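1. return a 3D structure for these sequence lines:
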Amino acid sequence: MAATGHGHPVNQLELADWRRRVAELYARVRAEADPAQGHAVWRAGRDEMFRHHPQSPLPADDPLRGTGLPYLPYDSALRFELPVIPAESQRLPLATGADGTTTLERIGRVEIPGIGSLDVWWIAQYGGGLFVPLRDATAGAQTYGGGRYLLDTAKGADLGGTAEALVIDLNFAYHPSCRYDPEWVCPLAPPGNRVAAAVGAGEVLGPDAG
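-> Numbering: from 1, shown residues only. Got it, this is the predicted structure:
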């Protein structure tokens, strides 16, 4: 949920606590038998963190601290457990500000019914992790122009799966931290994570966006 890096000094213990809380939140989501209830848990947990945590990407005077982050209603038809299909290996270095360069390694792709193909990346930093960003036809209008994230397991954003498949729930698409504060530097969706379809789910810019 947090960006890979940002342009100002960070308190490492605060950042570790933010990531710990993200991981705990997604664990609570995975424990819910009803995905829609899990989504409600996720929304409430994100709002709490964005309002009160010292590592919140929201500026202190941002009205979203009071209103909460805006989302489209949960749609159960947009939740999938998808096999990871082999794809040609690719390494993609991305500049991430003060953190230097983050290297992504493509490990496969998922085919989302009615949406298209998305590359699945492994983050070759930290202890590694899966990364699935998304830029769809709503970008720049209803959602952030740089796209959104579906999974970022290095930061705890993990909806589960198996050794062969991933849970991809488009209702959990969320904006990277650079959407809220340009001081943050976020890896954005590369070409293999851009689709022509409009994904009418997840976090949006606001109730009147688009």
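2. now the helices for the chain?
-> Assigned by DSSP state H, the chain shows helices spanning 12-31, 35-52, 64-67.
3. so which of those is the most packed in?
-> With neighbours defined as mean count of other C-beta atoms under 10 Å, those peak in mean count at helix 35-52, which reaches a mean of 17. For the C-beta atoms, the positions are set from N, CA and C on the backbone; glycine is no exception.
4. contact partners of that one?
-> Residues from elsewhere that reach helix 35-52 (C-beta atoms under 8 Å, 6 or more residues apart in numbering): 1, 18, 21-22, 25-26, 28-32, 56-58, 64-66, 68-69, 71, 74, 76, 79, 169, 171-172, 174.
5. residues near residue 155, how many?
-> 21 (other C-beta atoms under 10 Å).
6. if you could redo that for residue 178, that was the one I meant.
-> Neighbour number of residue 178 under other C-beta under 10 Å is 21.
7. isn't residue 17 right up against residue 23?
-> No - if you go by C-beta atoms under 8 Å, residue 17 and residue 23 don't touch, sitting 10.8 Å apart.
8. ok, now which ones touch the nearest residue to residue 116 once chain neighbours are set aside?
-> Among residues not flanking residue 116 along the chain, residue 195 sits closest, at 4.0 Å (C-beta to C-beta, 6 or more residues apart in numbering). By C-beta under 8 Å, 6+ apart, the contact set of residue 195 is 112, 115, 116, 117, 118, 134, 135, 136, 137.
9. the fourth one and residue 189, how far apart?
-> If I follow you right, that is residue 117. Between residue 117 and residue 189 the computed distance is 13 Å (C-beta to C-beta, to the nearest Å).
10. the two - which one has more neighbours?
-> More crowded of residue 117 and residue 189, by other C-beta under 10 Å: residue 189, with 22 against 13.
11. list the contacts for that one?
-> 133, 134, 135, 146, 147.
12. among those residues, which are located in strands?
-> Judged by DSSP state E, the subset of these located in strands is 133, 134.
13. dump the contacts of residue 189 to CSV, plus distance to residue 13, pLDDT and neighbour count.
-> What follows is these, written out as CSV (distance: C-beta to C-beta, whole Å; pLDDT from 0 to 100; neighbours: other C-beta atoms under 10 Å):
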residue, distance to residue 13, pLDDT, neighbour count
133, 28, 97, 25
134, 31, 98, 26
135, 33, 98, 22
146, 29, 94, 17
147, 30, 97, 25
